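Undergrad: Sequence and predicted model, in that order:
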Amino acid sequence: MVPSLRTRLRVVPGKPVDLAARDPRATPLAPGSKRATREAITEQGPALAALQEALYAEATAGSARRLLLVLQGMDTSGKGGVIDHVIGLVNPQGVHIASFKKPTAEELSHHFLWRIHQALPGPGMVGIFDRSHYEDVLVARVHALVPREQLEGRYAEIDAFERELVSSGVTVVKCFLHLSYDEQRERLLARLDDPTKHWKFNEGDLAERARWAEYQEAYRIALERCSTPEAPWYVIPADRKWYRDWAVARLLHETLTDLDPRYPTPELDVPALRARLAPPN
């Protein structure tokens, strides 16, 4: 039996989370070396694409099932890299990507989950959240953007929201890309060393980096309070990009395999249809 990466990386609901004890450079269940693991990502591409296509096809027959991948992590943890190297393996027609930046004035005038509802994937789709509703308990906690009582209530609201998603046919896969402080420094320096990456560098990232410990605490609380049986969190070691990408691809493959999407079987009179397509005599 193939070991389950979901079991290995899952944040067990109701259990304390110690991020300091989780090595960001670890490679649990990796198929081998850096090269072998990168090859494994490519090799599992056709199977992942076939599962996604079947999920998409199901919707044409009325299925409401879809998948939502939530990507959270500190700056440079690799959310964009996962989208490029993992989501790039499947048909873009069946993918919906939403990126959540600082809320606009209109978004701030609504409930914090309002903008999330607008971006949910439709039936048959694989939705990707590059950041998500968790920004409203991460950034909001670190920067004290809302009263503490209001902030504390948001965790329960998120849990209820995700339960509602699951009951409506959405499978939620939440990945925290666990990056180390030292690795983030190296990635930020690499951006400064490469003029073609300067557009990615935001001086504000350095101010956020200065609050690293506060963000780690905010993530710990969110992981503990919002990893549920219906929508568990997975902590992905993210210092090694090749492992990070493989792990997310493997989680998606395991999840879609369990969903077992099926192609619809419409009633077609195949012989009659073939006859109509036969070349004229």
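TA: All right, it came through fine.
Undergrad: okay, the closest residue to Lys15 other than its chain neighbours: pLDDT?
TA: With Cβ to Cβ, 6 or more residues apart in numbering as the criterion, Lys15 has its nearest non-adjacent residue at 7.8 Å, and that residue is Glu224. For glycine as for every other residue, the C-beta is placed from the backbone atoms N, C-alpha and C. Looking at Glu224, its pLDDT is 98.
Undergrad: Give me the number of neighbouring residues for Glu224.
TA: Using other Cβ atoms under 10 Å, Glu224 has 17 neighbouring residues.
Undergrad: Please tell me I have it right and it contacts Pro13.
TA: No: the criterion here is Cβ atoms under 8 Å, and Glu224 misses it with Pro13 at 9.0 Å.
Undergrad: ok, back up a step: distance of the residue nearest to Lys15 from Val95?
TA: Per Cβ to Cβ, to the nearest Å, Glu224 is found 30 Å from Val95.
Undergrad: who's in contact with the residue nearest to Lys15?
TA: Applying Cβ atoms under 8 Å, 6 or more residues apart in numbering to Glu224 gives the contacts 11, 15-17.
Undergrad: And Arg66, its phi and psi?
TA: For Arg66, the backbone dihedrals (degrees, to the nearest 10) come out as phi -160, psi 170.
Undergrad: tell me, how many neighbours does the nearest residue in space to Arg115 that is not next to it in sequence end up with?
TA: With sequence-adjacent residues excluded and distances taken as Cβ to Cβ, 6+ apart, Arg115 is closest to Glu107, at 4.6 Å. By other Cβ under 10 Å, 16 other residues sit near Glu107.
Undergrad: Count the residues that sit near the nearest residue to Pro266 once chain neighbours are set aside.
TA: Take Pro266 and drop its neighbours on the chain: the residue closest to it by Cβ to Cβ, 6+ apart is Ala61, 7.7 Å away. Neighbours of Ala61 under the rule other Cβ under 10 Å: 12.
Undergrad: With Thr60 instead?
TA: Thr60: 12 neighbours (other Cβ under 10 Å).
Undergrad: isn't it right up against Gly124?
TA: Yes: proximity of Thr60 to Gly124 meets the contact threshold set by Cβ under 8 Å, at 7.3 Å.
Undergrad: related to what we said a few turns ago, what's the ChimeraX syntax to select whichever of the contacts of Glu224 are buried?
TA: Of those, the buried ones can be selected in ChimeraX as follows, counting by 16 or more other Cβ atoms under 10 Å:
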select :11,17
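Undergrad: and Asp258, what is it in contact with?
TA: Asp258 touches nothing, counting by Cβ under 8 Å, 6+ apart.
Undergrad: And it, its phi and psi?
TA: For Asp258, the backbone dihedrals (degrees, to the nearest 10) come out as phi -70, psi -40.
Undergrad: per-residue confidence for it?
TA: For Asp258, pLDDT reads 97.
Undergrad: ok, now how distant is it from Leu252?
TA: As defined by Cβ to Cβ, Asp258 lies at a distance of 11 Å from Leu252.
Undergrad: Run through who's touching stretch 102-116.
TA: Here stretch 102-116 makes contact (Cβ under 8 Å, 6+ apart) with 100, 129, 132-133, 136, 154, 157-158, 161.
Undergrad: again, only using 6 Å
TA: If you take Cβ atoms under 6 Å, 6 or more residues apart in numbering as the criterion, stretch 102-116 is touched by 133, 136, 161.
Undergrad: Just name the closest of those residues to Val172, please.
TA: Val172 has its nearest neighbour among the contacts of stretch 102-116 in Phe161, at 9.9 Å by Cβ to Cβ.
Undergrad: So which residues of the stretch 101-250 of the chain form helices?
TA: Secondary structure of the stretch 101-250 of the chain by DSSP state H, counting those that start in this stretch: the helices cover 105-108, 114-118, 135-142, 148-167, 181-193, 204-209, 212-226, 241-259.
Undergrad: what sits against Ala47?
TA: By Cβ under 6 Å, 6+ apart, Ala47 has no neighbours at all.
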